[in-house]
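J.: build me a model:
(chains A, B, C and D)
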Number of protein chains: 2
Amino acid sequence: MKWDALEEEPCSVARTIAVIGDRWTLLILRECFLRKRRFEAFQSSLGITRHLLAARLKKLVQFGVLRRIPYQESPKRYEYILTQKGLDLYPIMMSIVHWGDVHMVDARGRPLLHEHKKCGKMFDPVMTCSECGEPIEAKGVHVHPGPGARKIPAGAKPDDGAKTRKPVRAA
Amino acid sequence: MKWDALEEEPCSVARTIAVIGDRWTLLILRECFLRKRRFEAFQSSLGITRHLLAARLKKLVQFGVLRRIPYQESPKRYEYILTQKGLDLYPIMMSIVHWGDVHMVDARGRPLLHEHKKCGKMFDPVMTCSECGEPIEAKGVHVHPGPGARKIPAGAKPDDGAKTRKPVRAA
DNA sequence: ACTTACCGTTCTATTTTAGAACTGTCAATT
DNA sequence: AATTGACAGTTCTAAAATAGAACGGTAAGT
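T.: Numbering: from 1, shown residues only, chains lettered A, B, ... in the order given. Alright, predicted model coming up:
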């Protein structure tokens, strides 16, 4: 599959993956959330090749996740900072951190602790329902087709995706 | 960077990315959360090459995200179902869906709607603080080194990662 | 004059992925 | 009895992405 194809899918997972679904992008964004802003800072703390870093930053700018802002003239230098769209990735980042904290830590414990400034305590992120405020879990959720869903041909059975749908179009 | 190197990082983002940080894995998991369980079902709805699908499933089983369970003898056939560790990826999946819903939808609107069975309403996921229950945003969080953090050499300045730390070890 | 900081670009070698075909078992159909 | 189709992979070659190292250019510091 080509990357461009992912963006076109009628699926929010696929379209998000088109932006953040590779090894390096999420690590770059981690650095952004840790207040890193410059090419050298990203490169040296990640060990990413300069070539790829340049490509990824360009892509993130094109997607509107980062903004490229000059911080000096001659030679022209730019910083990369998160846009609101980029800041909105925070729940994804925190979910990832939390899963790693729970399932992938070694004996020494978690590498980072997070303090909620508002209440002053170290916290874990909890995903809750916007309507009732209760925590969400996979089994407590029902999925319905929305207005942007693929039209399913009349008479198609729930499981015949193999025959009636084109590939990579599940949701 | 090699994939194996990611697992070893003292960073929960890197270690989680070692599991889910590629194009296909999250799409496979999307299918899992949509109750798909079999090789053919994954392959036909995603359009992933059979070769890669086999490799990804094996990897997810090795990481304990999926369990491979026989559902018939002769020929021996297996289903892939989410373990608890896999089910715990749900907040990541929902965060990704939500970001896509907000920032990547086309004019037709979101492809899927989610109903919270408990309260019966269509909802969006909201990330909240486990301690006070308030919503979390990037700017409202302070980060502290935890017990599993890399030891920072005495005298190192906050920004000299380039010189005193090895690559890919930021957190 | 020489070194360092910074932000990239360019090049070749290696690794990953795409795409298609093939293997093998068994059930159902002709 | 022979053929077809469902299913779960494996194997092959070509194309694409990534690694790794070197290079380019501006400017400041020593």
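J.: okay but residue A:36 is in contact with residue A:44, surely?
T.: No - the criterion here is CB atoms under 8 Å, and residue A:36 misses it with residue A:44 at 9.7 Å. (Glycine included, C-beta is placed from N, CA and C.)
J.: looking at those two, which is more packed in?
T.: residue A:36 (22 against 19; other CB atoms under 10 Å in any protein chain shown).
J.: helix/strand/coil for residue A:64?
T.: coil (DSSP: H, G, I helix; E, B strand; the rest coil).
J.: same question, the one 4 residues further on
T.: Assigned state for residue A:68: strand (three-state reduction, three-state DSSP).
J.: what's it in contact with, if anything?
T.: A:57, A:61, A:78, A:79, A:80 (CB atoms under 8 Å, 6 or more residues apart in numbering or on different chains).
J.: tell me which of the residues you listed is nearest to DNA strand C?
T.: Closest approach to DNA strand C among the contacts of residue A:68 (CB to the nearest atom of the strand): residue A:78, at 4.9 Å.
J.: pretty sure that closest one sits in a strand.
T.: Yes - according to three-state DSSP, residue A:78 belongs to a strand.
J.: wait, isn't it in contact with residue A:66?
T.: No - using CB under 8 Å, residue A:78 makes no contact with residue A:66, being 10.1 Å away.
J.: tell me how far the residue in chain A that DNA strand D sits nearest to lies from DNA strand C.
T.: Nearest residue of chain A to DNA strand D: residue A:74, at 2.9 Å (CB to the nearest atom of the strand). Distance, residue A:74 to DNA strand C, by CB to the nearest atom of the strand, to the nearest Å: 11 Å.
J.: and what about that residue, helix, strand or coil?
T.: Following three-state DSSP, we place residue A:74 in the coil state.
J.: how many residues are close by it?
T.: 5.
J.: residue A:78 and residue A:66: who's more crowded?
T.: Here residue A:78 and residue A:66 are compared on neighbour count by other CB under 10 Å; more neighbours surround residue A:66, at 24 against 16.
J.: can you pull the contacts of that one?
T.: Residue A:66 touches A:32, A:57, A:60, A:80, A:81, A:82, A:83, A:86, counting by CB under 8 Å, 6+ apart.
J.: among the residues you listed, the buried ones, what's the ChimeraX command?
T.: Of the contacts of residue A:66, the buried ones can be selected in ChimeraX as follows, counting by 16 or more other CB atoms under 10 Å in any protein chain shown:
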select /A:32,57,60,80,82,86
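J.: any residue of stretch A:129-138 touching chain B?
T.: Yes - residues of stretch A:129-138 are located near chain B by CB under 8 Å from any CB of the partner chain, namely A:129, A:130, A:131, A:132, A:133, A:134, A:136, A:137, A:138.
J.: of these, buried ones?
T.: Burial by neighbour count, 16+ other CB under 10 Å: within the residues of stretch A:129-138 next to chain B this picks out A:129, A:130, A:131, A:136, A:138.
J.: in strands only, show me these.
T.: Judged by DSSP state E, these include residue A:129 as members of strands.
J.: I figured residue A:140 hits residue B:115, correct?
T.: No - contact criterion CB under 8 Å: residue A:140 and residue B:115 do not qualify, at 9.5 Å.
J.: kindly report the residues of chain A close to DNA strand D.
T.: Contact residues (CB under 7 Å from any atom of the strand) of chain A with DNA strand D: A:2-3, A:22-24, A:48-52, A:55, A:74-75, A:162.
J.: can you say which of these are buried?
T.: A:22, A:23, A:24, A:48, A:52.
J.: farthest-separated two in these?
T.: Using CB to CB, those span at most 11.2 Å, a distance reached by A:22 and A:48.
J.: common neighbours of those two, please.
T.: Common contact partners of residue A:22 and residue A:48 (CB under 8 Å, 6+ apart): residue A:56.
J.: contact partners for residue A:92?
T.: With contact set as CB under 8 Å, 6+ apart, residue A:92 has these partners: A:16, A:20, B:92, B:95, B:96, B:99.
J.: tell me the pLDDT of the last one.
T.: Predicted confidence (pLDDT) at residue B:99: the value is 98.
J.: what of the first one?
T.: Reading off the per-residue confidence, residue A:16 sits at a pLDDT of 97.
J.: pull the CA atoms of stretch A:74-92 into PDB?
T.: In PDB, the C-alpha atoms belonging to stretch A:74-92 read as follows (Å, rounded to 0.1, in the frame of the first residue of the first chain):
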ATOM      1  CA  SER A  74      21.500  34.800   8.000                       C
ATOM      2  CA  PRO A  75      21.800  32.000   8.000                       C
ATOM      3  CA  LYS A  76      18.000  31.600   8.100                       C
ATOM      4  CA  ARG A  77      17.100  29.100  10.900                       C
ATOM      5  CA  TYR A  78      13.800  27.700  11.800                       C
ATOM      6  CA  GLU A  79      12.200  26.100  14.800                       C
ATOM      7  CA  TYR A  80       9.500  23.500  14.600                       C
ATOM      8  CA  ILE A  81       6.700  23.900  17.100                       C
ATOM      9  CA  LEU A  82       3.400  22.200  17.600                       C
ATOM     10  CA  THR A  83       0.300  23.700  16.200                       C
ATOM     11  CA  GLN A  84      -3.000  23.200  17.900                       C
ATOM     12  CA  LYS A  85      -3.600  20.200  15.600                       C
ATOM     13  CA  GLY A  86      -0.300  18.900  16.900                       C
ATOM     14  CA  LEU A  87      -1.100  19.700  20.500                       C
ATOM     15  CA  ASP A  88      -4.300  17.700  20.000                       C
ATOM     16  CA  LEU A  89      -2.100  14.600  19.600                       C
ATOM     17  CA  TYR A  90      -1.400  14.700  23.300                       C
ATOM     18  CA  PRO A  91      -4.000  12.100  24.200                       C
ATOM     19  CA  ILE A  92      -2.500   9.700  21.700                       C
END
